[in-house]
Each structure stands twice: as structure tokens, then as C-alpha cells.
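*Asks:* Structure for the following, please:
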Amino acid sequence: MEGEQPPIGTLLNLDEIEDLATRTMSKKAWAYYYSASDDKISKRRNTEAFRDIALRPKVFVDCTKCDLTTDLVGNRVSIPIYVSPAAMARLGHPSGEAGIAEACRSFGALQIISNNASMTPEQIVADAAPDQAFGWQLYVQNDRTKSERMIARINKLSAIKFVALTLDSPVTGKREDDERSGNIINTLTDSSSGEEHVDNADTQSVVSQTEDQTFNGLDPALTWTETLGWLAKHTHLPVVLKGIQTHEDAYIAAKYTPQVKGIILSNHGGRSLDTAPPAVHTLLEIRKYCPEVFESLDVWIDGGIKRGTDVVKALCLGARGVGIGRAALWGLGAGGVAGVKRTLESMNGEAVITERHSADISLQF
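*Replies:* Residues are numbered from 1 along each chain as shown. Next comes the predicted model:
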């Protein structure tokens with residue numbers, strides 16, 4: 001029948017999942033997830049950069065074994081695909097970030113909880129499996145006591161294994177899709193108090209105040225030595241630096257081990273500074289100019305990953321983890337927990353197929 005939604009299991013790739021979510025969600029919720037800075041050049045190039053890399057499989061290689069299990073900052077995971085911090089999941093579906101956590105549990109995948117989540121961290125990890133791993137995204141606030149209270153809460157949650165200190169969005173980008181949609185502000189999770197204020201009747205059609213509050217209150221004076229020193233005073237959790245965009249900063253980050261256990265190459269999904277480089281270009285820079293970084297810490301990557309071939313290309317270039325952000329939100333919007341599971345299933349299945357085409361793959365640029 002016209003207008004009837006296809007079963008989630010019939011959706012074959014992330015584009016089809018996003019298309020269903022786009023037709024299902026409210027215009028305002030769609031705009032919040034879809035939007036990127038200015039002309040969306042970085043968002044578009046994030047995906048195009050992977051398409052420009054060709055796979056060169058060798059033949060007569062035994063391809064019977066394919067094992068995607070790995071360690072991400074010391075945590076064993078079943079797949080190298082993790083969920084990047086993606087804000088306001090309840091705009092897509094009432095199950096929110098807890099629904100993403102449920103899907104990740106099914107696949108043994110890691111999830112980084114957004115600083116701007118629509119649920120409290122305690123709610124999100126409440127039903128975690130004993131071996132399930134989470135990270136917590138941290139924006140350092142100008143009023144450091146707010147960040148310190150949040151860190152103190154995170155320290156009490158054994159499921160959260162590291163802090164992802166976010167550096168790629170010191171101010172919010174100019175996101176015109178959001179502006180055109182007339183997004184309003186009346187859904188709030190107060191992360192500092194742990195109190196959740198949600199207008200359930202309008203959750204599908206509003207955008208959270210949390211993000212504006214977070215960006216308006218960011219500390220503009222972060223430095224390598226001072227900020228990491230301050231963080232060490234308030235948590236013993238490992239630190240992953242999210243938003244590295246040059247090989248020079250990757251090289252510096254490697255000097256701050258063992259506190260810094262990993263870096264995430266990211267331009268914030270193109271939502272912050274337009275024309276910032278695709279993360280895979282930064283990955284190539286590291287391989288060319290300072291490959292020793294890969295021996296010092298974990299290198300992860302996010303932005304524009306839409307196919308299992310993208311995952312394998314990133315792994316071939318030295319990335320240990322490959323993040324998806326919007327894709328998880330589109331999965332929620334398309335079908336709740338089942339939609340996120342289908343997203344992970346599709347990505348993982350494609351990665352396995354790619355690896356089984358050859359156990360020995362090189363790349364061509």
C-alpha cells in the first residue's frame with residue numbers, strides 16, 4: 001500500500017535507512033541530524049574521500065578466515081565499528097541513546113555517549129552487558145565546576161571506560177538547515193544535575209537546548225599541558241582526543257601517553273568548520289609524515305563512513321576503530337532499536353564481504 005513502510009530487514013544499506021528515517025521523522029528532527037556547516041563541503045567530502053580510494057585485492061589468497069574483533073583502548077570488541085557521540089537521539093526515537101546501547105550490546109560494539117545526549121549517562125548504561133564498553137564525550141566548560149561534577153558522575157559508572165575530550169568544535173557551526181527549519185528549544189537534559197526535562201509530547205519536533213548551552217559555555221583557553229593536567233586531577237580514566245585534524249597534532253598527542261590512549265580523526269561530521277579536511281586525509285598524512293604515532297596510541301576515524309568498504313580502507317591505513325554517528329541516528333529514526341541493529345548489521349556484513357574478497361588488500365589513490 002502507498003505510504004506503508006518497508007520492513008527494516010529489507011533495507012540493504014545506510015542510504016536506504018537514511019531515506020526511510022527522512023520520510024518518517026519530523027522536519028525539525030531531520031534538519032538537526034542532517035545539518036552541517038555552511039555549504040556542507042566537509043560533510044560531502046568526508047564520503048567522497050573514501051570513494052576516491054580504490055581497493056587492490058590480490059588473488060590466490062586463502063580468504064576463509066575473517067576476524068574483525070579488536071581492542072579499542074584496551075577494551076575487547078567484536079567489531080571495529082563504534083558509535084560516535086551523536087546528540088539528541090530521542091529526536092529520532094523514544095528509546096534514544098539507551099536504544100543505541102541495546103543495539104551495540106547485540107554486536108559487541110563500543111558506544112561513545114554524547115555530552116548532549118537526551119538521556120542521562122546512568123540511564124544509557126543501565127542495561128549494559130558486563131563486558132560492554134562505553135566512552136563519555138566531554139566538552140570542557142568555562143565554569144570548570146560543571147565539568148568536574150560531570151566527570152565525578154562518570155567516574156562512578158564502571159561501564160564507561162574512557163573520556164573522549166572533544167576538540168573539533170570550539171563553537172557551533174553555522175548550520176542553515178537547522179535555521180531554515182525554525183528549530184526551537186524546549187527539550188533539556190541537565191547533565192550537571194542529572195535531572196532530565198523532556199517534553200514528551202513534542203520530543204519528535206524540537207531540538208535540545210543542551211547543545212546551545214554547551215557551546216555558549218565552552219572554555220576557550222584549552223591547552224595541551226594545562227587541560228590534560230586538569231583532567232588528570234579529576235579522573236584516572238584514559239583520555240581519547242576527539243577531533244584531531246592534522247598530522248602535527250597527532251604527533252603531539254602521542255607525546256602525552258599514557259594518559260592519552262587514543263585519538264579520533266574527525267571534523268565533527270562537517271558540522272563545525274566547513275572545508276576542514278576529511279579524516280581519511282589526516283589518516284594518510286599520519287602514515288606519510290609520522291607513522292610512529294600508530295605504535296604509540298590508538299588511531300580512530302569518523303566522518304562519511306557509509307559502506308563496509310570504507311571501514312576496511314580505514315583499517316588498511318592503520319585506523320583501529322571506525323566511527324558512525326549520523327548513521328546510528330538514522331537507524332533509530334527508521335526503526336528504533338531494530339533500525340540501529342540493521343545499521344550495524346549492514347556495515348559489518350559489508351566489511352566481512354570486503355575482507356573475504358582477499359586477505360591481502362592494498363590501496364590505490
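*Asks:* V163 in helix, strand or coil?
*Replies:* V163 carries the three-state label strand when classified by DSSP: H, G, I helix; E, B strand; the rest coil.
*Asks:* and it, how many residues sit next to it?
*Replies:* Neighbours of V163 under the rule other Cβ atoms under 10 Å: 24. C-beta: built from backbone N, CA, C; applies to glycine.
*Asks:* Could I get the contacting residues of it?
*Replies:* If you count contacts by Cβ atoms under 8 Å, 6 or more residues apart in numbering, V163 has them with 135-136, 138, 151, 154, 231, 235, 237-240.
*Asks:* the helices in the stretch 101-250 of the chain, which residues?
*Replies:* Assigned by DSSP state H, counting those that start in this stretch, the stretch 101-250 of the chain shows helices spanning 121-124, 144-155, 176-181, 209-216, 224-234, 247-253.
*Asks:* Out of the ones you listed, flag the one nearest S35.
*Replies:* Taking Cβ to Cβ, helix 176-181 is the member of these nearest to S35, at 3.8 Å.
*Asks:* hey, what's S37 bridged with?
*Replies:* R175 (DSSP bridges).
*Asks:* how many neighbours does it have?
*Replies:* A count of nearby residues for S37, using other Cβ under 10 Å, gives 24.
*Asks:* hang on, it packs against D274?
*Replies:* Yes - assessed by Cβ atoms under 8 Å, S37 is found in contact with D274 at 4.2 Å.
*Asks:* about what we covered before: switch the helices of the stretch 101-250 of the chain over to TSV; also include distance to V322, mean neighbour count and mean pLDDT.
*Replies:* What follows is the helices of the stretch 101-250 of the chain, written out as TSV (distance: least, Cβ to Cβ, whole Å; neighbours: other Cβ atoms under 10 Å; pLDDT from 0 to 100):
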stretch	distance to V322	mean neighbour count	mean pLDDT
helix 121-124	21	20	98
helix 144-155	24	17	97
helix 176-181	26	16	68
helix 209-216	25	17	52
helix 224-234	25	14	97
helix 247-253	17	19	98
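*Asks:* Distance to G331 for those - can I get that in a markdown table?
*Replies:* Listed next are these as a markdown table, based on distance: least, Cβ to Cβ, whole Å:
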| stretch | distance to G331 |
| --- | --- |
| helix 121-124 | 16 |
| helix 144-155 | 25 |
| helix 176-181 | 20 |
| helix 209-216 | 21 |
| helix 224-234 | 32 |
| helix 247-253 | 30 |
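*Asks:* Many thanks, we can stop here.
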